[in-house]
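Participant: pasting the sequence and the predicted model now:
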Amino acid sequence: MTPKKCLVLLCTYNGEQYLRCQLDSVLSQTGVETHIRCADDRSTDGTVAILEEYRERYPDRFAYTVNEQNKRFTYNFLDLFFSTADTDYDYYAFCDQDDYWLPEKVSAAMAKIEAAEPHPNGVFYCSNLTVADENLRPMGLQEDPRMLRRTTTATVKCENIATGCTVVMDAAFHRHALRHYPQGILLHDFWLFLIAVFTARAIYDKNAYILYRQHGTNQIGTNKKKFSFAGLRKFARMKSKYPALMRELVAGYGDLIPAEDLRDIETIRDYRQKFGCRMKLLFCRRFRRRSAKLTLILKVEILTGKF
């Protein structure tokens, strides 16, 4: 029986230190034939030499390009994703440059997708992940299972739980997500997750099949965050993410979104310009996150225009 094929989309930038480990783990997946398409964002270290090495070793499974100019993270991924419009794979996945995929990562996602209730616009999968130190020693799960039980279609409007490197989608969702190219957004994984939640099928796997490596500035939160002036400065520099996402969601998929959800999405889209929308976000219980603490942070973000 011919194995199903998955195209893994990888973006690189100065990632030479851990790149070989990541590539080997993707190319060693079991129960599926993985192919990699990479876009390098003008690395200045040895990253491109490593990509060329793998292109020579796996000419039928590995391809890469180097951007003419630096696109930064989100649009490097989005442009790479839209460049696959003419491809015909069974599944598509996103990949970071510095993690480690367990051998069954893709096949486990495929099994979940195939077991899900079908949807004409396809199925989008994301999962938990295991946070690890720079030597891949596990440090704990990213998502507490107790928090996952509190996730609803209300909370996902205000909080992203889809980490890009865990994402796998079927061919139908891939085609569906190519319907609209979003302008001015900051989070490509959240963009696709929102499309799936409101116009297709989204599934979240509480199990983890990735060791998510923490190193340098690549830090995510298993550690408790403490108050600091550095944290305040980071908050002050924080850009508002949600209105642009919701603007593009309405522009590209508004005709497919249920009416009540569409009204909420338009409220988020307009809250920085319309006082009534900001008041609704502050006081309507539908606009919340998965805990009292996170909801309080949300309300502060709304008040300060950082949401």
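Facilitator: Alright, I've got the coordinates.

Participant: who does the helix or strand where residue 169 lies touch, helix- and strand-wise?
Facilitator: Secondary structure from DSSP states H and E places residue 169 in strand 168-170. Packing partners of strand 168-170 (3 or more C-beta pairs under 8 Å, 6 or more residues apart in numbering; DSSP states H and E): strand 91-95, helix 105-115, strand 123-132. Every residue, glycine included, has its C-beta placed from N, CA and C.

Participant: how about residue 302, secondary structure?
Facilitator: helix (DSSP: H, G, I helix; E, B strand; the rest coil).

Participant: and the gap between it and residue 272?
Facilitator: 9 Å (C-beta to C-beta, to the nearest Å).

Participant: okay, these two: which has more neighbours?
Facilitator: residue 302 (23 against 15; other C-beta atoms under 10 Å).

Participant: and the pLDDT at the more buried one?
Facilitator: In this model, residue 302 is scored at 95, pLDDT.

Participant: please look at it and residue 281 and confirm they touch.
Facilitator: Yes - between residue 302 and residue 281 there is a contact at 4.9 Å, judged by C-beta atoms under 8 Å.

Participant: hey, what's in contact with both of these two?
Facilitator: Residues touching both residue 302 and residue 281 (C-beta atoms under 8 Å, 6 or more residues apart in numbering) are 271, 287.

Participant: what segments of the chain are strands?
Facilitator: If DSSP state E is used as the criterion, the strands of the chain fall at 5-12, 33-40, 62-66, 91-95, 100-101, 123-132, 138-141, 168-170, 201-213.

Participant: for the ones you listed, which one sits closest to residue 192?
Facilitator: Proximity to residue 192 (C-beta to C-beta) singles out strand 123-132 among the strands of the chain, at 6.4 Å.

Participant: just checking: what are the partner strands of the closest one?
Facilitator: strand 138-141 (antiparallel), strand 168-170 (antiparallel), strand 201-213 (parallel) (DSSP bridges).
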